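A.B. asks: build the 3D model from these lines:
(chains A and B)
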Amino acid sequence: MSTKPTNVEEIKKELIAKMPTKVARKRAKSILPGTEVGEAIPEIQSNVRTIPGIITQRGCTYAGCKGVVLGPSRDIVNLTHGPIGCGFYSWLTRRNQTDAGPDGENFIPYAFSTDMTEHDIVFGGEKKLRAAIQEAYDNFHPKAISIFSTCPVGLIGDDIHAVARTMQEELGITIFANSCEGYKGVSQSAGHHIANNQIMKHVIGTKDVAVEGKFKVNMLGEYNIGGDAFEIERILEKCGFTLVATFSGNSTVEDFRIAHAADLNTVMCHRSLNYVAEMMETKYGIPWIKVNFIGAEASAKSLRRMAAYFEDQELIDRTEAVIAEELEKVKTVVDEIKPRTDGKTAMLFVGGSRAHHYQELFKELGMKILGAGYEFAHRDDYEGRHVLPTIKVDADSRNIEELEIHPDPERFKPRKTEEELARLNEKGLDFKGYEGMIGGMGKDAMVIDDINHYETEKLLEIYKPDIFCAGIKEKYIVQKMGIPLKQLHNYDMGGPYAGFNGAINWYRDIDRMVNTKVWNLIKAPWQTDGPELEATYVA
Amino acid sequence: MALLRHTTGEIKERKALTVNPAKTCQPVGAMYAALGVKGCFPHSHGSQGCCAYHRSALTRHYKEPVVAGTSSFTEGSSVFGGQSNLITAIDNIFTLYDPEVIAIHTTCLSETIGDDLMQISQKAKDDGKVPAGKHIVYASTPSYVGTHVTGYANMVKGILKGFVKKTGTPNGKINIIPGFCEPSDMAEMRRLADMMGIDITMVPDTNGVLNGPMTGHYEMYPNAGATPAEIAGMGDAKATIGLGRWATADGVNFLDAEFKVPGHVMSLPIGLKATDRYVDLLRKLSGKTVPDAINFERGQVVDLLSDYSQYFYGKKVAMAGDPDQVLALVEFCITLGMIPAYTVTGTAGKYFDERMTELLKDVPYDCKFKCGGEADMYLLHQWIKNDPVDLLIGNTYLKYVARDEDIPLVRHGFPILDRVGHQYFPSVGYSGAMRLMEKFLEALLDRLDRDAPETRFELQL
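C.D. replies: Residues are numbered from 1 along each chain as shown, chains lettered A, B, ... in the order given. Below you'll find the model as predicted:
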């Protein structure tokens, strides 16, 4: 047995030792230790290509665009233009819950595809796309149709945007297209950006109505996996906020249209929706803050900052009352469970914000984070947004359109003056700010971007954490080693984990997982005992 | 209030739009077939998303590790070709993951740009990227042709092409190519042959790979699946049996044409009659007598049927699934006295219509069936809206129809995302027939109990 490496640099050497030289050289730049609070954060390589043949967690641009951002919106017909697979795999697999009421529109349980065949690839698929839109309209009469292109569409040159324009004119409903071919970008992340652009161009701000409510906010980057958005809605309503639109959990296209009526944008998943936040600020004058509703303390802090923004004593008092009431419930459960989880260890390698957010929940249980990393995030999600100007735009990012946004001549209305913003910033509002994951993780923690199977196996051998967080592809690999894996994409069908009730659900689930006795059953009695008794009785 | 609330009974002709497909694309079938070879690492030559989706779909269905590689195409590789990505991938896979075999399949992306796997794998070998004694096999599986069933068939043929040899010395074995079915089904097909004392080679064989035990250790290559040496020997076999036309005919015909191993393509052995044909063919090909133990199991099936036929008789069934699966199920339903009222499969094929017509000729009901692109679960649901059925059979996606229409569902096929059992318990063979009958009965009798008025609620059924 080799001696256990003791620090991150040593472990890093072990992780890359067996890799081919070029691979090792590249991977080395994506692996580093965490930093202490206030310490300078070194640069981490992220949002770069995965090396072919290296088993990655990552998916594609289509998955980020259709699967993540637009998929959860219920009253839009999301039509996949391509062979059948992509539409099939993104059909109901992300657990985006929604509440359409007894008779509201809800297309989430449907998969719509042009199901392209060889003929379409050879002769072009525009005709079929047009016909499919017509048939979708004739069968379902939706208010909006969104088209998503898959890999071959870009290669054969179908102009999906032109088809969308023509059909929008013919049918008189909103139709827009997303050129989200899987090969664009290096991960799902490119797809988020493309979806952000198209929602901004075609939907947000397309309807002007007076929205009731004194404290109007949008929630950006919250997808209602396992009912997270329902819990956040509950809390916001209790405090007195009016939620205009959520992008895009439990949402409708109608919500998106009026989203510019909000006075504050709050960003949950920075990676997937920061673009809309930025663009809405420029176009409509709505400031944005990063929030986090994963973790009871983090939720409380987010609520306080949101209340502080509106500078209304009644709202602040009510928010404090809600926090006090909710935290009391939470504390009872933490007190019960923490003795069983205190000191246990966790690793999180997942997503573009969850590997950061969920550290809060583990800490509330007294657990130690041994390592974390994102699947598809960028440097700003690791090091903080202050590094944005220093991020080099490479060829893979350059092919994703950057919209040029200007203030809307009629709808631009700064919600706060520069002085007000500065004053609120001093109070801790931190507009347009996100500190990233690495700062404060501590030098003993391992940070790895786009972790691969090989590194995962090695890490588990070295650290043997009490729990590992990733996704479905990793789940049973890790569990075969006798280490429980908590899925942070679909929550292992649990949840909600957001907000206060969500925190309680999380504590109970983690308690069950890290204290399970199932691993003790692996060995049969005859596998742990000594040799069988070989003597026999002689009659 | 309904989940599929926009579905009505008003059926409008569709030519371009597929809604709620009863199929998926080729590569996932290719990946599944490759996992039935020992020491094999499936590789997806395309965008990362393909591989991620296929691994996720297989993992969700089997609740077991499924690893595979991807060529991680970027825009550049899509324009200039994927050769350099694939050669890098091959090098990295052999270095880091050390498989015996890499089984490469294409995707719609790499097919559209015209990447040639034969040429690229040859170049990888010439460049010294394939270590001595290691293998590359491959299959062309464009997603815009056929379905996951076609992908399975293509990879099976790719595996055979890569390994099978003829030494000229007969080995007396019988080759069995199972259709796209569960590891438990493959085990059951083998068990029946074993009971008859027949030495078989089964390719692919996912038993032990996708239903493995918890050991406290992760093995990327479980000690299961057909070994390259066994597969090589298939050219010297006495005969080949393919179980399921769509999934196996290509492989069977390849062995017949290339190695003169006589091939027999038959149904998946689901239900009494199809299992009878399988056992009888094994008997005839091997010259062995069917043992009493098999007659005993068969007798149990007939016994169960005679005991409970009153509950099966006349019950209308709607099903969606793969053609090999649904054709066998339709036959079994008819054996049980049920009416296969509606059947759809997303996988096209002329034989489907022919066989359905033949199977349904004595069924006193105007049964509807359809295969191909627009033969989707949306159409099936519309048929049900117009005239309901008593039982649904299909994958997990049908649970939305089941709930909306309040019809019991027996889960069968791929994918099953919300129940376990399929990986461990077969639906083929006589024991599989009994398991299916038990499932059908549970569903029908639970419904009978639920709906019975108090006055007619019975202790015995």
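A.B. asks: in terms of contact, does A:Ile175 touch A:Ile133 like I think?
C.D. replies: Yes - the pair A:Ile175 and A:Ile133 passes the contact test of C-beta atoms under 8 Å, sitting 6.7 Å apart. For the C-beta atoms, the positions are set from N, CA and C on the backbone; glycine is no exception.
A.B. asks: can you give me the strands for the chain?
C.D. replies: Just going to use chain A. A:31-33, A:76-81, A:112-113, A:144-149, A:174-178, A:216-222, A:242-248, A:264-267, A:288-290, A:345-349, A:368-373, A:446-448, A:467-470, A:485-487 (DSSP state E).
A.B. asks: please refer instead to chain B.
C.D. replies: Counting by DSSP E, the strands of chain B are B:18-19, B:40-45, B:69-70, B:101-106, B:135-139, B:174-178, B:200-202, B:239-243, B:263-266, B:316-320, B:339-345, B:368-371, B:391-394, B:409-411.
A.B. asks: quick one: strands adjacent to the longest one?
C.D. replies: Paired neighbours of strand B:339-345 in the sheet (DSSP bridges): strand B:316-320 (parallel), strand B:368-371 (parallel).
A.B. asks: just to revisit the earlier point, and B:Asp418, which of the strands of chain B is closest to it?
C.D. replies: B:Asp418 sits nearest to strand B:409-411 of all these, at 7.8 Å, using C-beta to C-beta.
A.B. asks: just the strands paired with strand B:339-345: most buried one?
C.D. replies: Mean neighbour count (mean count of other C-beta atoms under 10 Å in any protein chain shown) peaks for strand B:316-320 among the strands paired with strand B:339-345, with a mean of 26.
A.B. asks: what distance do you get for A:Val334 to B:Asp199?
C.D. replies: Counting by C-beta to C-beta, to the nearest Å, the gap from A:Val334 to B:Asp199 is 62 Å.
A.B. asks: the more surrounded of those two?
C.D. replies: Each of A:Val334 and B:Asp199 has its neighbours counted (other C-beta atoms under 10 Å in any protein chain shown); A:Val334 has more, 19 against 13.
A.B. asks: mean neighbour count and mean pLDDT for the strands of chain A - can I get that in JSON lines?
C.D. replies: What follows is these, written out as JSON lines (neighbours: other C-beta atoms under 10 Å in any protein chain shown; pLDDT from 0 to 100):
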{"stretch": "strand A:31-33", "mean neighbour count": "22", "mean pLDDT": "97"}
{"stretch": "strand A:76-81", "mean neighbour count": "28", "mean pLDDT": "98"}
{"stretch": "strand A:112-113", "mean neighbour count": "30", "mean pLDDT": "98"}
{"stretch": "strand A:144-149", "mean neighbour count": "28", "mean pLDDT": "98"}
{"stretch": "strand A:174-178", "mean neighbour count": "24", "mean pLDDT": "98"}
{"stretch": "strand A:216-222", "mean neighbour count": "26", "mean pLDDT": "98"}
{"stretch": "strand A:242-248", "mean neighbour count": "25", "mean pLDDT": "98"}
{"stretch": "strand A:264-267", "mean neighbour count": "26", "mean pLDDT": "98"}
{"stretch": "strand A:288-290", "mean neighbour count": "23", "mean pLDDT": "98"}
{"stretch": "strand A:345-349", "mean neighbour count": "25", "mean pLDDT": "98"}
{"stretch": "strand A:368-373", "mean neighbour count": "23", "mean pLDDT": "98"}
{"stretch": "strand A:446-448", "mean neighbour count": "25", "mean pLDDT": "98"}
{"stretch": "strand A:467-470", "mean neighbour count": "25", "mean pLDDT": "98"}
{"stretch": "strand A:485-487", "mean neighbour count": "22", "mean pLDDT": "98"}
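A.B. asks: so what's the residue count around A:Tyr476?
C.D. replies: 18.
A.B. asks: care to break the chain down by domain?
C.D. replies: If you meant another chain, say so; for now it's chain A. By the assignment in automatic domain parsing, chain A contains the domains A:1-58+A:205-539, A:61-182.
A.B. asks: hmm, I had chain B in mind actually
C.D. replies: Chain B breaks down by automatic domain parsing into domains covering B:26-163, B:174-290, B:293-455.
A.B. asks: so for the last one, mean pLDDT?
C.D. replies: In this model, domain B:293-455 carries a mean pLDDT of 98.
A.B. asks: in the stretch 51-200 of chain B, what residue lies closest to chain A?
C.D. replies: When distances are taken as C-beta to the nearest C-beta, the stretch 51-200 of chain B reaches nearest to chain A at B:Ala89, 3.1 Å away.
A.B. asks: stretch A:143-157 and chain B in contact?
C.D. replies: Yes - applying C-beta under 8 Å from any C-beta of the partner chain, one finds stretch A:143-157 in contact with chain B at A:150-152, A:154-156.
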